[in-house]
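> Dropping the sequence and predicted coords here.
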Amino acid sequence: MGQDIRGLTVTAASDAAVAAFDHAIEGYLRYRADIPARMAAVFAADPYFAMGHCLKGYFAMLAFKDTALPMAQEALRAAWRFVPGATPREHAHVAALESWANGEPDRAVEVWNQILADHPHDVLAFRLAHFVNFWLGRPEAMLASVLAVEKHWSEAMPGYNAILGCRCFAHEESGYYTEAEHAGREAIRRDPGDLWSAHGVAHVMEMTGRRGEGIAWVDALAPHWEGGNNLQHHLWWHQAMYFVERGDLDRVLTLYDTRFRDLNAPLTQGTPDLYIDVQNAASMLFRLGRHGVDVGDRWVELADKAETRIGDCLSGFTLPHWMMALAATGRAEAGRRMLSAMRDFAQGPGINASLVGDIAVPVSEAVLANGLGDHARAVALMRPVLGEMYQLGGSHAQQDVLEQVFLDSALKAGLEADARLMLERVAGCHPLPPTRRRGYAMAAGLLD
Ligand SMILES: [Fe+2]
């Protein structure tokens with residue numbers, strides 16, 4: 001038995017094993033790219049460490065990728081083997097991993113919340129619950145979690161920046177921009193390399209239309225990102241979003257090629273089809289296409305990878321993005337195969353399956369129809385699920401591209417009432433009027 005850096009009891013062979021475990025969690029909280037090395041140190045110190053194996057399983061699940069599932073399940077088996085004799089909290093973590101690996105992330109969140117009720121300093125449970133709630137489209141749960149936990153923390157406790165970063169993003173996604181920015185800026189003052197907090201503030205600037213400030217925010221913090229993981233790409237994507245709004249589309253393409261979809265960058269080569277990178281790339285190419293930009297052959301590598309991921313439905317929000325690539329390259333047959341595989345997946349148990357079947361299938365089918373020019377069909381497919389899409393997860397800034405698919409289809413099909421519906425919808429849930437947003441301004445002018 002030992003104690004982790006926040007005073008929680010950990011069942012491990014040595015203090016060195018606990019220290020290595022703390023180091024691995026610190027890497028997770030700070031979005032470091034060297035997690036494999038940190039995990040190797042954990043197992044070198046204690047190969048029979050139940051929480052070490054559980055953490056390995058969590059990291060495998062965080063890939064949101066079918067081919068990582070066997071690693072998660074192997075880690076789960078090892079965790080169960082070594083957990084007898086460990087604490088109830090550690091048992092609960094292994095149970096949470098089991099639920100997640102079985103396609104029930106909502107049940108995993110329930111377990112993490114139970115852990116936090118007794119152990120509010122369990123920053124691993126907190127951070128995982130925040131993240132999985134995000135990918136279930138539950139900002140209210142993210143906010144409730146922060147509010148329940150933060151009062152038990154002090155600034156001096158290691159990992160406090162993770163609380164601030166999550167406080168920032170949970171408030172931002174709930175529409176409380178002032179509180180969000182305050183927490184995010186405080187976190188950055190303490191650690192300028194804090195990627196999650198940098199990201200939360202970037203969202204505030206996106207939602208409140210502070211484009212120049214947002215561009216400067218990313219430029220000023222980027223020198224601190226050495227050793228960070230792919231979240232860096234997403235921050236550059238946010239900068240590109242500001243440039244879209246400014247109409248500097250050449251700059252967007254440059255950022256695409258050099259900052260968030262540089263196929264030669266080591267981070268990209270290490271994980272060439274990571275869900276967040278794919279979302280960044282596809283959503284930006286779709287936007288550029290709407291603005292008449294020739295994006296060359298940039299869709300092709302995404303479409304090639306989409307074909308290899310057909311049937312992999314672990315990231316529901318990524319599915320329409322994969323479909324954008326298939327549609328943009330005219331791969332209708334592959335698109336239909338992908339839809340068929342999604343319907344097969346939806347027959348399985350768990351919330352992942354039902355979300356894919358109920359929401360990702362019609363949205364992805366609409367994306368395909370939009371790309372193939374069948375716009376009225378795209379509108380008909382998407383209209384019934386417009387109010388449900390948030391359950392696929394992703395931020396307001398990311399969900400926006402799906403709303404643009406609907407608006408684009410409605411305009412091209414001449415379905416004025418549907419175009420108006422979308423404009424009213426985005427006007428109601430975004431702090432900026434459609435006339436101040438490039439993806440909607442033209443439509444707003446046409447229908448005025
Ligand atoms: Fe974001």
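It's in. Numbers count the residues shown, from 1 in each chain.
> in the stretch 201-350 of the chain, which spans are helices?
Applying DSSP state H, counting those that start in this stretch to the stretch 201-350 of the chain gives helices spanning 211-221, 231-246, 249-255, 266-270, 275-290, 298-308, 318-328, 332-346.
> what's the most buried one of the ones you listed?
helix 318-328 (a mean of 28; mean count of other C-beta atoms under 10 Å). C-betas here are computed from N, CA, C, even on glycine.
> what about the helices in the stretch 1-150 of the chain?
Secondary structure of the stretch 1-150 of the chain, counting by DSSP H, counting those that start in this stretch: helices at 15-29, 35-45, 50-61, 69-82, 88-101, 105-118, 123-135, 139-150.
> Next, the buried residues of stretch 60-67.
For stretch 60-67, the neighbour count (16 or more other C-beta atoms under 10 Å) marks 60-65 as buried.
> out of the residues you listed, who's nearest residue 424?
residue 64 (33.0 Å; C-beta to C-beta).
> picking up where we left off before, please tabulate the helices of the stretch 1-150 of the chain in TSV, including the columns distance to residue 308 and mean pLDDT.
Converted to TSV, those look like this (distance: least, C-beta to C-beta, whole Å; pLDDT from 0 to 100):
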stretch	distance to residue 308	mean pLDDT
helix 15-29	27	98
helix 35-45	22	98
helix 50-61	19	98
helix 69-82	16	98
helix 88-101	22	98
helix 105-118	24	98
helix 123-135	22	98
helix 139-150	32	98
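> quick one: residue 116 from residue 148, how far?
From residue 116 over to residue 148 the distance is 7 Å, taken as C-beta to C-beta, to the nearest Å.
> Same question for residue 86.
Residue 86 is 25 Å from residue 148, by C-beta to C-beta.
> more crowded one of those two?
Higher neighbour count among residue 86 and residue 148: residue 86, with 21 against 14, using other C-beta atoms under 10 Å.
> ok, so what distance separates residue 182 from residue 188?
Separation of residue 182 from residue 188 (C-beta to C-beta) stands at 11 Å.
> what about these two, which has more around it?
Using other C-beta under 10 Å, the more surrounded residue of residue 182 and residue 188 is residue 188, with 23 against 17.
> which residues sit in contact with the more buried one?
Neighbour list for residue 188: 194, 197-198, 201, 221 [criterion: C-beta atoms under 8 Å, 6 or more residues apart in numbering].
> and which of those residues is nearest residue 319?
So of the contacts of residue 188, ranked by how close each gets to residue 319 (C-beta to C-beta), first place is residue 198, at 27.7 Å.
> Helix, strand, or coil at the closest one?
What DSSP: H, G, I helix; E, B strand; the rest coil gives for residue 198 is helix.
> where does it land on pLDDT?
In this prediction, residue 198 carries a pLDDT score of 98.
> The residue nearest to it when sequence neighbours are not counted and residue 255: what is the separation?
Closest residue in space to residue 198, ignoring its immediate chain neighbours: residue 221 at 5.0 Å, by C-beta to C-beta, 6 or more residues apart in numbering. Using C-beta to C-beta, residue 221 is found at 15 Å from residue 255.
> Then residue 172?
With distances taken as C-beta to C-beta, residue 172 is found 22 Å from residue 255.
> OK, contacts around residue 335?
323, 326-327, 368, 371.
> Pipe those into TSV and attach distance to residue 247 and pLDDT per row.
As requested, these are exported to TSV (distance: C-beta to C-beta, whole Å; pLDDT from 0 to 100):
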residue	distance to residue 247	pLDDT
323	27	98
326	29	98
327	25	98
368	29	98
371	24	97
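> hang on, residue 399 in a strand?
No - applying three-state DSSP, one finds residue 399 to be helix, outside a strand.
> quick one: residue 447 from residue 420, how far?
6 Å.
> I meant residue 184, not that one.
From residue 184 across to residue 420, the span is 35 Å (C-beta to C-beta).
> quick one: which of those two has more around it?
Using other C-beta under 10 Å as the criterion, residue 184 and residue 420 rank with residue 184 on top: 28 against 15.
> Send over whichever helix or strand that one is part of as CSV, restricted to the C-alpha atoms.
Assessed by DSSP states H and E, residue 184 sits inside helix 177-190. Only the C-alpha atoms of helix 177-190 are listed here, as CSV (Å, rounded to 0.1, in the frame of the first residue of the first chain):
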residue,chain,number,x,y,z
TYR,A,177,-18.4,32.6,-20.8
THR,A,178,-17.3,35.0,-18.1
GLU,A,179,-16.8,32.2,-15.5
ALA,A,180,-15.1,30.0,-18.1
GLU,A,181,-12.6,32.6,-19.2
HIS,A,182,-11.7,33.6,-15.6
ALA,A,183,-10.9,29.9,-14.7
GLY,A,184,-9.0,29.3,-18.0
ARG,A,185,-6.9,32.4,-17.7
GLU,A,186,-6.0,31.6,-14.1
ALA,A,187,-4.9,28.1,-15.2
ILE,A,188,-2.8,29.6,-17.9
ARG,A,189,-1.2,32.0,-15.5
ARG,A,190,-0.2,29.0,-13.4
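> can you list the weak-confidence ranges in the protein?
The chain contains residues with pLDDT under 70 at 448.
> try 90 this time
When residues are selected by pLDDT under 90, those of the chain lie in 1, 428-429, 435-436, 438-439, 441-448.
> Hmm, residue 391 is touching residue 355, no?
Yes - counting by C-beta atoms under 8 Å, residue 355 is a contact partner of residue 391 at 5.7 Å.
> Just want to know which of the two has more residues nearby.
Between residue 391 and residue 355, residue 355 has the larger neighbour count (other C-beta under 10 Å), namely 24 against 19.
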